[in-house]
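Peer 1: just coords:
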């Protein structure tokens, strides 16, 4: 039985609620666009009810506290059905049993859960590093990212604290949404998609006059700080996988 | 005449032999300005040699009154010279930082005019960054040996980390290649900063708010393979400096011959001893994080590290009496001594065994290097007695013997091993 939710964490949590109320604990949470065909499978659309996920949230907090809740959220952001299913089944177990200790690394499901979280956190750390802002004529610092997992929600606080005195926009081009900070508050944005995907031409035109100069300086610095005699491209690529290159100023 | 870009190239090129690029250990928060320091540090990119780029690492100038044989900026070298102005460094740092290229600045300098004159210029940069630009990102500053205590202490109020390089691991070696320098001149600034850090720590017990002073601590660097030190000499010096000056890090930098006319040092074109450098770092880690003491790994009978295996494995093979270690009963301190088991996996093992005895197939998945570890540990289902074979057999199974004709791929590594063996026999 597929449980089709709206892609939000609240919707995902509502799947747990639904599974218990309908006694369908073998359900598989998924998003509509990920399903190939519903012809041969039973499926159910899950509505996102604020009261329902609040109830599940409170129950989770009682059992595993804030630290444990954070883990389930990070697992959810892996943004893939396999991780969703594993987290979902662990939540079912959590509420069925007296205790579920997430430190039981000998349990394959719990180990997989932690391995997924580790991957998500590695991607989060990478995105803190690999974001490259371009300053445009309106003083807005813009960056495009394409992370493997949906880590944007995990990094925006970091950028808000660090770049508090400059307006910025970080846009996840794969998931078509971003966050804009205007020196006062942060806002989720969706509408700029066309502007950014349009071969960046509209961006080029409105760049800050000094932007290109600093990009060139950064490239020069990147080259000069390398020690030719120690060249080790294998190590280089392990640290900076090729799929990120197109958004890294120094690699373009 | 050259433009700003050329200048950046010259002064980045001259600074790159300082291997430290760490931005960790910072505690700075963004208070009404820009930037903070992430306590774990961030590598924003990696150069083609695989080294982390975290900080904008440049020299204020590569003009220098000294003539140290190992240094690319030595007085007698015919290289292009350049100098940044204070304003230029500040602007470059801010503009790189605002684009998220870097975590902050690593500023060093050749010595021009005098130690104090040089230190003062460095100080002006960091002061301007902190007070005028309200920059709270990471700053690593070189302390210039011979600079006045007052200048060092003032700079300490603005920076996160300070370092002074030992350069050559032994006093005798240093005298040989840099007659104008000695270890004492490195010890002095390290001592000044350490004393001040301790004093403020003491003050903090009674006064609520004391200023941040070099919060990420001090570090130093040694050049490896320029002069003839043994690994015991090197690690002995490192160990002593860690203890005496509470250093956060000692860096080991495989010597890259750069000065063609020097007969004292390895010739230009000689490959840097990267494998040896790696073994020294592994030893450094074993000493700081794995509870090993120096004499267990290096001593007068065993003065150099094996190049063909890591120091933990080498220690285990020399000490079969401790193995196999039962991962279901041994303490964490012993589990991390198993070759192939790191601190993270050891933690997982210790947590997970509370829920039942662990079997091989469970431990395998916890991120250990099982093929190495299997000889040194026993699990709930290990066949009794299979744990530890004769040390020589384990060594044979684990250490890949370089074959003749296989050299094309990893010729550098193998020739290094060969030359090492030659000195042995």
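Peer 2: Yep, it's here. Here the structure is a predicted model, which means the values were calculated and not measured.

Peer 1: how about the residue of the stretch 51-200 of chain A at minimum distance from chain B, secondary structure?
Peer 2: Ranked by C-beta to the nearest C-beta, the top residue of the stretch 51-200 of chain A for proximity to chain B is residue A:105, at 3.9 Å. Backbone N, C-alpha and C define where each C-beta goes, glycine included. Following DSSP: H, G, I helix; E, B strand; the rest coil, we place residue A:105 in the coil state.

Peer 1: from residue B:355, how far off is it?
Peer 2: Counting by C-beta to C-beta, to the nearest Å, the gap from residue A:105 to residue B:355 is 9 Å.

Peer 1: next one: residue A:141
Peer 2: 48 Å.

Peer 1: those two: who's more crowded?
Peer 2: Neighbour totals were compared for residue A:141 and residue B:355, and residue A:141 leads with 23 against 14 (other C-beta atoms under 10 Å in any protein chain shown).

Peer 1: name the nearest residue to residue A:73, ignoring sequence neighbours.
Peer 2: In space, residue A:73 comes closest to residue A:9 once its chain neighbours are excluded; the distance is 6.2 Å by C-beta to C-beta, 6 or more residues apart in numbering or on different chains.

Peer 1: hang on, isn't that neighbour packed against residue A:75?
Peer 2: No: contact criterion C-beta atoms under 8 Å: residue A:9 and residue A:75 do not qualify, at 10.4 Å.

Peer 1: just want the phi and psi numbers for residue A:104.
Peer 2: For residue A:104, the backbone dihedrals (degrees, to the nearest 10) come out as phi -80, psi 70.

Peer 1: pLDDT of stretch A:92-105, averaged?
Peer 2: Throughout stretch A:92-105, pLDDT has a mean value of 90.

Peer 1: how about stretch A:220-235?
Peer 2: According to the model, stretch A:220-235 has a mean pLDDT of 95.

Peer 1: any part of that stretch near chain B?
Peer 2: Yes: contact check for stretch A:220-235 against chain B, using C-beta under 8 Å from any C-beta of the partner chain: residues in range are A:220-235.

Peer 1: highest neighbour count among the residues you listed?
Peer 2: Ranked by the number of neighbours (other C-beta under 10 Å), those place residue A:221 first, at 25 neighbours.

Peer 1: in what helix or strand does it lie?
Peer 2: helix A:211-224 (DSSP states H and E).

Peer 1: now the element after that helix, going C-ward?
Peer 2: Once helix A:211-224 ends, the next helix or strand along the chain (criterion: DSSP H and E) is helix A:233-239.

Peer 1: tell me who's in contact with residue A:52.
Peer 2: In this structure, residue A:52 makes contact with A:13, A:14, A:17, judged by C-beta atoms under 8 Å, 6 or more residues apart in numbering or on different chains.

Peer 1: the second one and residue A:48 touch, don't they?
Peer 2: Looking back up the chat, that one is residue A:14. Yes: under the contact definition of C-beta under 8 Å, residue A:14 touches residue A:48, with a separation of 5.4 Å.

Peer 1: what residues are shared contacts of these two?
Peer 2: Contacts common to residue A:14 and residue A:48, judged by C-beta under 8 Å, 6+ apart, are residue A:5.

Peer 1: so these two - more neighbours on which side?
Peer 2: Comparing residue A:14 with residue A:48 by neighbour count (other C-beta under 10 Å), the higher total belongs to residue A:14, at 25 against 17.

Peer 1: which stretch of helix or strand covers that one?
Peer 2: Secondary-structure assignment from DSSP H and E places residue A:14 in helix A:9-21.

Peer 1: same for that helix, what does it pack against?
Peer 2: Taking 3 or more C-beta pairs under 8 Å, 6 or more residues apart in numbering or on different chains; DSSP states H and E as contact, the helices and strands that helix A:9-21 lies on are strand A:2-5, helix A:50-76, helix A:81-96.

Peer 1: out of everything not next to it in sequence, what's closest to whichever residue of the stretch 151-252 of chain A sits closest to chain B?
Peer 2: Going by C-beta to the nearest C-beta, chain B is nearest to residue A:235 of the stretch 151-252 of chain A, at 3.0 Å. Spatial nearest neighbour of residue A:235, excluding adjacent residues (C-beta to C-beta, 6+ apart): residue B:50 at 3.0 Å.

Peer 1: so which bits of the stretch 301-425 of chain B are right by chain A?
Peer 2: Proximity of the stretch 301-425 of chain B to chain A, by C-beta under 8 Å from any C-beta, involves residues B:348, B:349, B:351, B:352, B:353, B:354, B:355, B:356, B:358, B:362, B:365, B:366.

Peer 1: what lies in contact with stretch B:353-363?
Peer 2: Judged by C-beta under 8 Å, 6+ apart, the contacts made with stretch B:353-363 from elsewhere in the structure are A:101, A:103-107, B:327-328, B:349, B:352, B:370, B:374, B:377, B:379-382.

Peer 1: buried among the residues you listed? Need that as a selection in PyMOL.
Peer 2: Buried residues among the contacts of stretch B:353-363 (16 or more other C-beta atoms under 10 Å in any protein chain shown), as a PyMOL selection:
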select buried, (chain A and resi 104+105+106+107) or (chain B and resi 327+328+349+352+370+374+377+379+382)
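
Peer 1: of the contacts of stretch B:353-363, which belong to helices?
Peer 2: With helices taken from DSSP state H, the overlap with the contacts of stretch B:353-363 comprises B:349, B:352, B:370.

Peer 1: would you turn those into JSON lines with pLDDT?
Peer 2: As requested, these are exported to JSON lines (pLDDT from 0 to 100):
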{"residue": "B:349", "pLDDT": "97"}
{"residue": "B:352", "pLDDT": "95"}
{"residue": "B:370", "pLDDT": "94"}
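
Peer 1: what is the nearest of the residues you listed to chain A?
Peer 2: Where those are concerned, and distances follow C-beta to the nearest C-beta, chain A has its nearest neighbour in residue B:352, at 3.9 Å.

Peer 1: that closest one: what's it in contact with?
Peer 2: Residues near residue B:352 by C-beta under 8 Å, 6+ apart: A:103, A:104, A:105, A:106, B:358, B:362, B:366.

Peer 1: so how far is residue B:363 from it?
Peer 2: Counting by C-beta to C-beta, the separation of residue B:352 from residue B:363 is 9 Å.

Peer 1: check residue B:16 too.
Peer 2: Distance of residue B:16 to residue B:363, given as C-beta to C-beta: 42 Å.

Peer 1: more neighbours, the two?
Peer 2: When residue B:16 and residue B:363 are compared for neighbours, residue B:363 comes out ahead with 27 against 21, by other C-beta under 10 Å.

Peer 1: can you confirm the more buried one is in a helix?
Peer 2: Yes: under the criterion used here (three-state DSSP), residue B:363 sits inside a helix.

Peer 1: in chain B, which residue sits closest to chain A?
Peer 2: Nearest residue of chain B to chain A: residue B:50, at 3.0 Å (C-beta to the nearest C-beta).

Peer 1: that residue reaches residue A:236, doesn't it?
Peer 2: Yes: at 5.0 Å, residue B:50 and residue A:236 qualify as touching, with contact defined as C-beta under 8 Å.

Peer 1: and the closest residue to residue B:395 other than its chain neighbours, what element?
Peer 2: Take residue B:395 and drop its neighbours on the chain: the residue closest to it by C-beta to C-beta, 6+ apart is residue B:317, 5.3 Å away. Assessed by DSSP H and E, residue B:317 sits inside helix B:311-318.

Peer 1: what mean pLDDT does that helix have?
Peer 2: The predicted model assigns helix B:311-318 a mean pLDDT of 95.
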